[in-house]
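**Q** Predicted model, plus sequence, below.
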Amino acid sequence: MPLNIPILLTWFRIVMIPVFFAVFYLPDSVLSLHHKHLIAALIFALAAITDWLDGYLARSWNQTSAFGAFLDPVADKLMVASALVLLVSLSHADAIIAFIIIGREITISALREWMAQLGESKSIAVSMLGKIKTGFQMTAILLLLYHEPLLGFSAHSVGTLLIYLAALLTLWSMVYYLILAMPQIRKKSRE
């Protein structure tokens with residue numbers, strides 16, 4: 001396993017997940033609800049920044065590796081799934097939205113793995129639609145974690161709107177990837 005700064009940043013995201021959860025389990029006498037929201041939002045924002053940074057550094061320093069390419073999306077999916085589970089448990093997001101987003105991630109990860117085994121991974125590479133979906137999703141989760149008024153607007157209301165848009169984009173991108181994979185799916189079903 002290679003060990004470099006991009007991979008350490010990826011590991012940092014994974015290690016922050018229990019810290020992220022622990023914030024909300026501290027007694028209110030130790031940390032007020034306002035501070036819990038603020039710290040959780042900051043941890044998630046830091047995770048999003050390190051997600052971008054580790055990929056940028058790996059490419060610019062020529063430190064890409066097969067292990068890093070595997071670990072990075074795992075860290076992302078773990079952080080997003082953890083945040084969604086936490087938001088549902090706090091009643092800041094609907095369970096159906098979490099199910100759609102997490103279900104899509106599992107489905108597309110399995111599809112990518114299967115396509116890679118067939119030597120067809122380039123046919124379902126990350127698209128601009130997937131990047132837009134991720135942008136909406138990350139912003140929505142950040143606002144829902146903060147949950148309090150921010151600069152004169154309701155972070156919760158805007159976050160809720162964005163998470164519903166992210167869920168729609170999630171379904172759309174899943175259908176898009178499945179359509180791209182359909183020739184291989186048909187071919188394998190005939191064998």
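**A** That came through, no problem. Nothing here was measured: the structure is a model prediction, and the numbers come from that model.

**Q** can you confirm residue 181 is in a strand?
**A** No: Residue 181 is assigned helix when assessed by DSSP: H, G, I helix; E, B strand; the rest coil, not a strand.

**Q** Checking residue 31 next. Helix, strand or coil?
**A** Assigned with three-state DSSP, residue 31 falls in the coil class.

**Q** So it sits against residue 37, correct?
**A** No: counting by CB atoms under 8 Å, residue 31 does not reach residue 37; the two are 10.0 Å apart. C-betas here are computed from N, CA, C, even on glycine.

**Q** Mind checking which of the two has more residues around it?
**A** When residue 31 is set against residue 37 and neighbours are counted by other CB atoms under 10 Å, the residue ahead is residue 37, at 21 against 15.

**Q** Would you confirm that the more buried one contacts residue 144?
**A** No: with contact defined as CB under 8 Å, residue 37 does not reach residue 144; the gap is 9.6 Å.

**Q** Quick one: the helices in this structure, in order.
**A** Defined through DSSP state H, the helices belonging to the chain, from first to last, are 5-25, 33-60, 66-89, 95-117, 128-146, 155-190.

**Q** The last one to helix 95-117, inter-axis angle?
**A** It refers to helix 155-190. Our comparison of helix 155-190 with helix 95-117, counting by axes from the mean of the first three to the mean of the last three CA atoms, to 10 degrees, yields an angle of 40 degrees.

**Q** got the angle for helix 155-190 vs helix 66-89?
**A** Using the same axes, to 10 degrees, the interaxial angle of helix 155-190 with respect to helix 66-89 works out to 130 degrees.

**Q** just the helices of the chain: most buried one?
**A** When neighbours are counted by mean count of other CB atoms under 10 Å, the highest per-stretch mean among the helices of the chain falls to helix 128-146, a mean of 20.

**Q** what sits up against that helix?
**A** The contact list for helix 128-146, computed with CB atoms under 8 Å, 6 or more residues apart in numbering, reads 37-38, 40-41, 44-45, 48, 80, 83-84, 86-87, 92-93, 101, 150, 155-156, 158-163, 165-166, 169-170, 172-173, 176-177.
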